[in-house]
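**Student:** model this:
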Amino acid sequence: MEEFDVGVVGGGPAGAAAALHLRRTELKVVVIERGRIGGLVWNARRVENYPGFPGGVTGRELAELFASQLERAGVEVVKDEVLRVEPHPFLLHGRRGLYRCRYLILATGTRPRKLPPRGIPVYYELLEVPQGVRRIAVVGGGDVAFDYALSCADRGTEVFLILRSPPKAHPGLQEEVRQRPEISLFIGASIEATDGGLVLKGREGII
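**Tutor:** Modelled structure (predicted):
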């Protein structure tokens, strides 16, 4: 079992920033991340609202900068998933090990709402479209959904973007999506079932 001054659960932008700030005070800090440093930032086609990058930066480039800076600062990064936490002094039970720390920061971010995978593959928190996939449906009307639809289209994938209500994404993203012939926009539709295809409630047929 390893011991640290501070444990940070989650390696996205918030977790990375907290770890870097604490490391400057010479505390022994560990970041425990079940995926990759950067979290869902990895999926971003382009990040345009992050300070220091007036021309924007790809999500992958930004995440790689996070990882590089953590390494240079001497922050230990562990790839693990925390399953249970015991109270102070905190004992973190991971799938791969135990971690004891005096202080704990939870920066676990968000997870997409999951649909029941009945008969077809359903992917979450993708870093890239799986090899061989030529058609993909993206469900949601926010910035993340629109950005990911554009990322898929950039790779030559046909995309069905499904929204239950009018889009909430940034107007610039909405305009980009509407200009892309690879993306079909379904507004006022929702998935009723997934069994050999996507049955859209409010739309006829199966895609």
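**Student:** list the buried ones in stretch 69-81?
**Tutor:** When burial is assessed from 16 or more other CB atoms under 10 Å, stretch 69-81 yields the following buried residues: Gln69, Leu70, Val75, Glu76, Val77, Val78, Asp80. Placement of C-beta: from N, CA and C, glycine included.
**Student:** so who does the third one touch?
**Tutor:** Which is Val75. The contact partners of Val75, taken as CB atoms under 8 Å, 6 or more residues apart in numbering, are Ala19, Leu20, Arg23, Val29, Val30, Val31.
**Student:** hmm, try it at 10 Å
**Tutor:** If you count contacts by CB atoms under 10 Å, 6 or more residues apart in numbering, Val75 has them with 6, 8, 11, 16, 19-20, 22-23, 27-31, 37, 67, 69.
**Student:** over to the first one?
**Tutor:** Shown in contact with Gln69 (CB under 10 Å, 6+ apart): Ala16, Ala17, Ala19, Leu20, Arg23, Ile37, Val75.
**Student:** out of those residues, flag the one nearest to Leu91.
**Tutor:** Set against Leu91, the nearest of those by CB to CB is Ala19 (19.3 Å).
**Student:** would you format the contacts of Gln69 as a markdown table with pLDDT and distance to Asn49 included?
**Tutor:** Below are those laid out as a markdown table (pLDDT from 0 to 100; distance: CB to CB, whole Å):
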| residue | pLDDT | distance to Asn49 |
| --- | --- | --- |
| Ala16 | 97 | 17 |
| Ala17 | 96 | 15 |
| Ala19 | 97 | 22 |
| Leu20 | 97 | 20 |
| Arg23 | 96 | 26 |
| Ile37 | 95 | 20 |
| Val75 | 97 | 25 |
